[in-house]
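A.B. asks: coords please:
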Amino acid sequence: MSDETNTTTNNPVLAALSRIHGTVSVVGSMNADYTVTTERLPRPGETVTGDPLRILPGGKSGNQAAAAARIGADTWLFGAVGEDANADFLLGKLGDAGVDTANVLRVEGPSGTTVITVDAHGENTIVYSPGSNAQVSAKYIESMREKLVSSGVLGLCLESPIETVTASARICHEAGVKVLINNSPFMPTLPQELIEFCDILLVNEHEMAQMLDVVEPENDDWSAFDWDQALDQLRELGFEQTIVTLGGDGSVVLDATDVTPIAPVKVTPVDTTGCGDAFMGTVLAGLASGFALRDAAQLASYVSAYAATGLGAQASYGNVVQIMKRFIGR
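C.D. replies: Here you go, the predicted model:
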């Protein structure tokens, strides 16, 4: 698909945007992203000149919630911000995206932050400082039980304490709420208890290779990779359903006994920061709307591709009208 994509108005994947509904819960992180663009990323010990610093809303969980809300899902975010100016900034931007932050805690100390460098090709490096995200406790999550179990799906990542992530997964799993976990920041071995409470795993290809201890293909060419074997290995780990993202090459959905490649949506990237979170937020919205996992992933390819055409994470996310206009011209 070209940068302008097709010009027809009959796109059944994008048509699914009009059917987004249901409720998404996301437990986790909110960060102020201190972002600077450079011609190229610095090497160790090197100083390069960058463009003016921008402070943008981020945090993996905040991003995922914002992406789901922008395309129409009722989205609740559970987490903590600090007592600094970034707290009001983050909550304000999430509110602008349509995220319900009424249950977010205010705690002492700084809010979460990231320092991000983006090069001319849209690649980035990220340093994460948890701040208030480290104070999202299992006790707090327990107090949110009634709200959590009334949602259609729960989204988790690992920017919160692992005991908090596990408690969130347990509460929702026991209530029959589908749980999707993004193994990021990456842990090579997830706690078995956490795996038992999660229904779907979302990882990129490199994370999957480390989890399964398999050799990555030369030249990053995954077209001949044995996905059936990967499916079997992931099921042995405890995941019946997995999405493996492949960056600009799309993704692969591993669902019970089926392997479904998801074609990429090609764009000229400006900044890939937060694209994975846009993908996950869309999958969450799709699942809450009753979509099959592969259908949610196909829609997520468009939403995350749109995000790659703007700077920042949440700042680059589109609503239904913007995404439709970008890809089908109306």
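A.B. asks: drop to CA atoms for contacts and neighbour counts, all remaining ones
C.D. replies: Fine.
A.B. asks: Show the model's pLDDT score for residue 9.
C.D. replies: pLDDT, residue 9: 51.
A.B. asks: Next up, the contacts around residue 194.
C.D. replies: For residue 194, the contacting residues are 165-166, 169-170, by CA atoms under 8 Å, 6 or more residues apart in numbering.
A.B. asks: Which secondary structure state does it sit in?
C.D. replies: Here residue 194 is recorded as helix under DSSP: H, G, I helix; E, B strand; the rest coil.
A.B. asks: ok, it to residue 239 distance?
C.D. replies: Remark: distance between residue 194 and residue 239 (CA to CA, to the nearest Å) = 11 Å.
A.B. asks: hang on, the earlier thing: most neighbours of all the contacts of residue 194, which one?
C.D. replies: Among those, residue 169 has the most neighbours (other CA atoms under 10 Å), with 29 neighbours.
A.B. asks: quick check, residue 33 in a helix?
C.D. replies: No - assessed with three-state DSSP, residue 33 is strand; it does not lie in a helix.
A.B. asks: give the contact list for it.
C.D. replies: Residues in contact with residue 33 (CA under 8 Å, 6+ apart) are 54-59, 113-116.
A.B. asks: Enumerate the beta-bridge partners assigned to it.
C.D. replies: According to DSSP bridges, the residues that bridge with residue 33 are residue 56, residue 114.
A.B. asks: Looking at it now. What's its pLDDT?
C.D. replies: 91.
A.B. asks: do residue 6 as well
C.D. replies: Looking at residue 6, the pLDDT reads 44.
A.B. asks: tell me, how many neighbours does residue 193 end up with?
C.D. replies: Neighbourhood size, residue 193 [other CA under 10 Å]: 12.
A.B. asks: re the thing from before, possible to save the contacts of residue 194 as a markdown table with pLDDT and distance to residue 18?
C.D. replies: Shown next, in a markdown table, are the contacts of residue 194 (pLDDT from 0 to 100; distance: CA to CA, whole Å):
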| residue | pLDDT | distance to residue 18 |
| --- | --- | --- |
| 165 | 98 | 31 |
| 166 | 98 | 33 |
| 169 | 98 | 29 |
| 170 | 98 | 32 |
